[in-house]
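In: could you look at this predicted model? Sequence included:
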Amino acid sequence: MNAYAGIVRKTARPVLALVLLALSGVLAWQMSARSAEAPVVIPAPGIDEPSTRAGPEKAVLAGGCFWGMQGVFQHVKGVLNAVSGYAGGSRDTAHYETVGSGATGHAESVEITYDPSQVTYGQLLQIYFSVAHDPLELDRQGPDSGRQYRSTIFAANDEQQKIAQAYIAQLGKSGAYAAPIVTTLERGKAFYPAEAYHQDFLALNPDNTYIVINDLPKLANLKRLFPGRYREPPVLVHASLH
């Protein structure tokens, strides 16, 4: 992201972050971030988990800044919780300022707890590949660059890996994309929740300039392309803590 927005996100002190966010509207003209990519209409996965399975289950996905990824999946019916965090590295380095170096192995991720009787793993991947992020961008998403913003699916088991691999191959043959998908698969990587001030960021800061430019279009695309899966009130992390 641009230098100013980077300062906002890299601070670990919520009070200072709020002050800087308040100033973001004044400096919005300085932002060089481009708006979110147009959504891609893609087929549903040919291989998926049974929708009759008793839940809940979890999926961990990475695709750029976790603010937008979390915000999208919080509006998907059947999602019980969506937590921003880090996956791919060790517990010791699962801190925002450290992950920001791009050298920890972590990717900003979202852990999705879902009910497969309402939304399956494959259906979550369809949203992931079509509106939640751009799977053609290598080690970046929009204005954010670095390995911590890579497109990665952290498969929890053999079934998730099989579904994801088959879907990536299916999409590659579908002709829906103008370039090869760069999304990778990683196994055996733990997920660590991000700091509290990152949780529910889109829902709590809808007027933030970064959110308006990069993430609100994703919600609009989710509602337009998947009206049957869209839920208006988001499921919030902070609400589940009370």
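Out: Received the coordinates, thanks.
In: mind listing residues that contact the longest helix belonging to the chain?
Out: Assignment by DSSP state H gives helix 158-174 as the longest helix of the chain. Contact with helix 158-174 is made by 42-43, 45-49, 59, 121-122, 125-126, 129, 153, 155, 177, 180-181, 183, 185, 187, as judged by Cβ atoms under 8 Å, 6 or more residues apart in numbering. (Each C-beta comes from the backbone N, C-alpha and C, glycine too.)
In: got the buried residues for it?
Out: Neighbour-count burial for helix 158-174, with 16 or more other Cβ atoms under 10 Å as criterion, is recorded at Q160, Q161, I163, A164, Y167, I168, Q170, L171.
In: before we move on, what about stretch 200-217?
Out: Within stretch 200-217, the residues that qualify as buried are 200-203, 205, 208-217, counting by 16+ other Cβ under 10 Å.
In: please apply the same query to stretch 86-99.
Out: In stretch 86-99, the ones that count as buried by 16+ other Cβ under 10 Å are Y86, A87, G88, G89, T93, A94, H95, Y96, V99.
In: now, which of those lie within strands?
Out: Y86, A87 (DSSP state E).
In: turn the buried residues of stretch 86-99 into TSV, columns for pLDDT and distance to D134.
Out: Formatted as TSV, those follow (pLDDT from 0 to 100; distance: Cβ to Cβ, whole Å):
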residue	pLDDT	distance to D134
Y86	98	21
A87	98	19
G88	98	19
G89	98	23
T93	98	26
A94	98	25
H95	98	27
Y96	98	23
V99	98	21
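In: picking that back up, inside strands: which ones of the contacts of helix 158-174?
Out: Assigned to strands by DSSP E, the following of those qualify: A59, I153, A155, L185, R187.
In: any idea which of the residues you listed has the most stuff around it?
Out: Sorting the ones in strands among the contacts of helix 158-174 by how many neighbours each has (other Cβ atoms under 10 Å) puts I153 first, at 28 neighbours.
In: ok, it touching R187?
Out: No - using Cβ atoms under 8 Å, I153 makes no contact with R187, being 9.7 Å away.
In: the closest residue to F201 other than its chain neighbours: which element?
Out: Nearest residue to F201, sequence neighbours excluded (Cβ to Cβ, 6 or more residues apart in numbering): W67, at 4.4 Å. Using DSSP states H and E, W67 falls within helix 66-73.
In: what packs against that helix?
Out: Where contact means 3 or more Cβ pairs under 8 Å, 6 or more residues apart in numbering; DSSP states H and E, helix 66-73 is packed against strand 57-63, strand 79-87, strand 107-114, helix 121-127, helix 201-204, helix 216-225.
In: point me to the residue sitting closest to the centre of this structure.
Out: Nearest residue to the geometric centre of the chain (Cα atoms, centre = their mean): M69, 2.3 Å.
In: ok, so what distance separates the nearest residue to I112 once chain neighbours are set aside from F154?
Out: Of all residues not flanking I112 in the chain, A59 sits nearest, at 4.7 Å (Cβ to Cβ, 6+ apart). A59 is 8 Å from F154, where distance means Cβ to Cβ, to the nearest Å.
In: what is the burial count for the residue lying closest to H198 once chain neighbours are set aside?
Out: Among residues not flanking H198 along the chain, S84 sits closest, at 4.8 Å (Cβ to Cβ, 6+ apart). If you count neighbours by other Cβ under 10 Å, S84 ends up with 26.
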